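Chemist: next comes the sequence, and after it the predicted model I'd like to discuss.
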Amino acid sequence: GYHSQPLADWLRTLGGRTLEIARWVTDLEGAWVEPKRWIVERTFGWLNRYWRLGKDCEANREMSEVMILIAMMHLMARRVRK
């Protein structure tokens, strides 16, 4: 599996977060879904509807983060309005 120590260290300093990489379970038969994975997948699907985020056209990381925040504020405002 993939593991990035610099990313794990950055997350820890950012907000005390711990990076955990999900592992495939090979001894189960049939399909199964990681708990709460659908929440992450749904959110990524919503964010990919925004052209600037889907094309990754920002020049630096800070601007990408700002665009994600703007997109999430727009999504939350739409949910509150309903």
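Modeler: Thanks, I have it. Numbering: from 1, shown residues only.
Chemist: quick one: the helices in this protein, in order.
Modeler: Listed in chain order, the helices of the chain (DSSP state H) span 5-15, 37-48, 51-55, 61-81.
Chemist: same list (these) but as CSV, adding distance to residue 29, mean pLDDT and mean neighbour count.
Modeler: C-beta coordinates here come from the backbone N, C-alpha and C atoms, glycine included. Output for those, formatted as CSV (distance: least, C-beta to C-beta, whole Å; pLDDT from 0 to 100; neighbours: other C-beta atoms under 10 Å):
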stretch, distance to residue 29, mean pLDDT, mean neighbour count
helix 5-15, 33, 85, 10
helix 37-48, 19, 85, 11
helix 51-55, 36, 79, 12
helix 61-81, 37, 89, 11
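Chemist: pLDDT score for residue 32?
Modeler: According to the prediction, residue 32 has pLDDT 65.
Chemist: ok, residue 19 - contacts?
Modeler: The contact partners of residue 19, by C-beta atoms under 8 Å, 6 or more residues apart in numbering, come to 3-4, 7-8, 11.
Chemist: if you set the cut-off to 7 Å instead, what comes out?
Modeler: Taking C-beta atoms under 7 Å, 6 or more residues apart in numbering, we find residue 19 in contact with 7-8, 11.
Chemist: next one: residue 46
Modeler: Contacts of residue 46 (C-beta under 7 Å, 6+ apart): residue 75.
Chemist: if you set the cut-off to 10 Å instead, what comes out?
Modeler: By C-beta atoms under 10 Å, 6 or more residues apart in numbering, the contact set of residue 46 is 53, 71-72, 74-75, 78.
Chemist: and residue 49, by the same measure?
Modeler: Applying C-beta under 10 Å, 6+ apart, we find residue 49 in contact with 71, 75.
Chemist: how far away is it from residue 82?
Modeler: 17 Å (C-beta to C-beta, to the nearest Å).
Chemist: among the helices of the chain, which is nearest residue 23?
Modeler: helix 37-48 (13.0 Å; C-beta to C-beta).
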